[in-house]
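**Student:** pasting the structure only:
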């Protein structure tokens, strides 16, 4: 495992018409790049993910977010593949973001002056990074779930021929009003918090003392990352033993779970990055820049391997079925694997045993 930051002095032209200059991408690699550079697998992360996809940093209690998938003998086997995981533009783990200085050496950070970032911008930045930093002209595969799946699809449409195998998971081709509404609710919870100070909060103070608005937003998110069935199985109607049933703010175990995860969230994730990435997800539409969805999908040259989960209540499996139907209509190479799961949207993060062998076979060319 190696971690680094790639810095670029040339402008990154954004979909909005604005530019970032200079800009940088944080990344992590696993395994060894072979001589002909034919074994590269790009891993793209979801909303709160990062370039730290596997392994442990010194002092960590938990490994990277997809440690079950990446490593020796695991589905993305680092004895065979050179795995690159990047932190997207706009996120808060080392890539250029709202809390980056406006120009090198400046004490002034972008904050709300940061441009709106789209999934296309994230992918364009990653493509430049792969070409210039690793001198790659193509890669074996791109794989990611949720927002990571959006990036995988964007690679297939915007850069046909660059990726040999495209593996989008638990995602959509066009963010639906339902998800846009959820994202809006989370954004407004953050903005309504006086401690947010219209984006000019003290970052260290937030880490120390929290941001209730961001905590609430995270709780709202969890309602859509786990399915109702998972909430039933995980918590039932159990009550916190130290709380009285008739205390007004006594808690069910599910409430305690949401509080714990919500109020810890500001310690490690930046509220402005959260807002900007939610906006990027809401804006996602594979057809933007084309005359129609069909015209966008017509650009695809590379095989698409869709993986959906039956219990996903954020990006419903029917949305992946629609992608499959479009691609079959256009006679594009596509396979769709529907994974039986009642866990919810986060199945792609936690139920690796249900689909890991499929990913391994795709990468090995056995599917």
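**Tutor:** All right, it came through fine. Please read these numbers as outputs of a predicted model, since none were measured by experiment.
**Student:** what about residue 353, which SS state?
**Tutor:** Residue 353 falls in the helix class when you classify it by DSSP: H, G, I helix; E, B strand; the rest coil.
**Student:** neighbours of it, just the number please.
**Tutor:** The local packing of residue 353 (other CB atoms under 10 Å) involves 9 other residues. (Glycine included, C-beta is placed from N, CA and C.)
**Student:** Could you report the pLDDT at it?
**Tutor:** Reported pLDDT at residue 353 in the predicted model: 97.
**Student:** any idea how far residue 341 is from it?
**Tutor:** 11 Å (CB to CB, to the nearest Å).
**Student:** buried residues in stretch 76-87?
**Tutor:** Residues 76-78, 80-87 are the ones in stretch 76-87 that count as buried (16 or more other CB atoms under 10 Å).
**Student:** just stretch 107-126 next, same as before
**Tutor:** Of all the residues in stretch 107-126, those buried under the rule 16+ other CB under 10 Å are 109-111, 114-115, 117-126.
**Student:** Among these, which ones are in helices?
**Tutor:** Using DSSP state H, the members of these that fall in helices are 119-126.
**Student:** which one of these is nearest residue 313?
**Tutor:** Nearest to residue 313 out of those is residue 119 (CB to CB; 21.4 Å).
**Student:** in terms of contact, does residue 167 touch residue 359 like I think?
**Tutor:** Yes. Using CB atoms under 8 Å, residue 167 makes contact with residue 359 at a distance of 6.6 Å.
**Student:** between these two, which one's more packed in?
**Tutor:** Using other CB under 10 Å as the criterion, residue 167 and residue 359 rank with residue 167 on top: 28 against 24.
**Student:** So the closest residue to the more buried one other than its chain neighbours versus residue 190, what's the distance?
**Tutor:** Leaving aside its sequence neighbours, residue 167 sits nearest to residue 143 (CB to CB, 6 or more residues apart in numbering; 4.0 Å). Going from residue 143 to residue 190 by CB to CB gives 30 Å.
**Student:** Show me the strands in this structure, by range?
**Tutor:** Taking DSSP state E as the test, the strands found in the chain are 2-8, 12-13, 19-20, 23-30, 40-44, 70-71, 76-77, 82-86, 139-145, 163-169, 304-309, 334-339.
**Student:** Let's have these in CSV, adding distance to residue 275.
**Tutor:** Conversion of the strands of the chain to CSV gives the following (distance: least, CB to CB, whole Å):
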stretch, distance to residue 275
strand 2-8, 23
strand 12-13, 20
strand 19-20, 17
strand 23-30, 19
strand 40-44, 20
strand 70-71, 29
strand 76-77, 31
strand 82-86, 21
strand 139-145, 21
strand 163-169, 24
strand 304-309, 27
strand 334-339, 31
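**Student:** who wins for proximity to residue 104 among these?
**Tutor:** Between residue 104 and these, the shortest gap by CB to CB is with strand 2-8, which sits at 9.4 Å.
**Student:** For the closest one, what does the pLDDT average out to?
**Tutor:** On average, the pLDDT along strand 2-8 is 97.
**Student:** So which of residue 143 and residue 190 has more stuff around it?
**Tutor:** residue 143 (30 against 24).
**Student:** does that one have beta-bridge partners, and which?
**Tutor:** Taking DSSP bridges as the rule, residue 143 bridges to residue 43, residue 167.
**Student:** my guess is it meets residue 41, correct?
**Tutor:** Yes. Under the criterion of CB under 8 Å, residue 143 makes contact with residue 41 at 6.7 Å.
**Student:** Who are the contact partners of the spatially closest residue to residue 335 that is not a sequence neighbour?
**Tutor:** Computed as CB to CB, 6+ apart, the closest residue to residue 335 that is not its neighbour in sequence is residue 305, at 5.3 Å. Taking CB atoms under 8 Å, 6 or more residues apart in numbering, we find residue 305 in contact with 165-168, 334-335, 337, 358, 362, 367.
**Student:** Repeat that for residue 33.
**Tutor:** Contacts were defined as CB under 8 Å, 6+ apart; by that measure residue 33 touches 39-40, 82, 134.
**Student:** Please apply the same query to residue 252.
**Tutor:** Residue 252 sits next to 235, 237-240 when contact means CB under 8 Å, 6+ apart.
**Student:** per-residue confidence at residue 242?
**Tutor:** pLDDT, residue 242: 92.
**Student:** ah, wrong one, I meant residue 291
**Tutor:** For residue 291, the pLDDT comes out at 96.
**Student:** Ramachandran coordinates for it?
**Tutor:** Residue 291 adopts backbone torsions of phi -80, psi -20, taken as degrees, to the nearest 10.
**Student:** hmm, back to that, neighbour-wise, give me the winner out of the contacts of residue 33.
**Tutor:** Neighbours here mean other CB under 10 Å. Within the contacts of residue 33, the largest count is held by residue 40, at 23 neighbours.
**Student:** quick one: that residue and residue 353, what's the gap?
**Tutor:** The gap separating residue 40 from residue 353 is 25 Å, by CB to CB.
**Student:** Check residue 106 too.
**Tutor:** Note on residue 106: its distance to residue 353, by CB to CB, is 48 Å.
**Student:** what stretches of the stretch 101-250 of the chain score poorly on pLDDT?
**Tutor:** For the stretch 101-250 of the chain, applying pLDDT under 70 flags no range at all.
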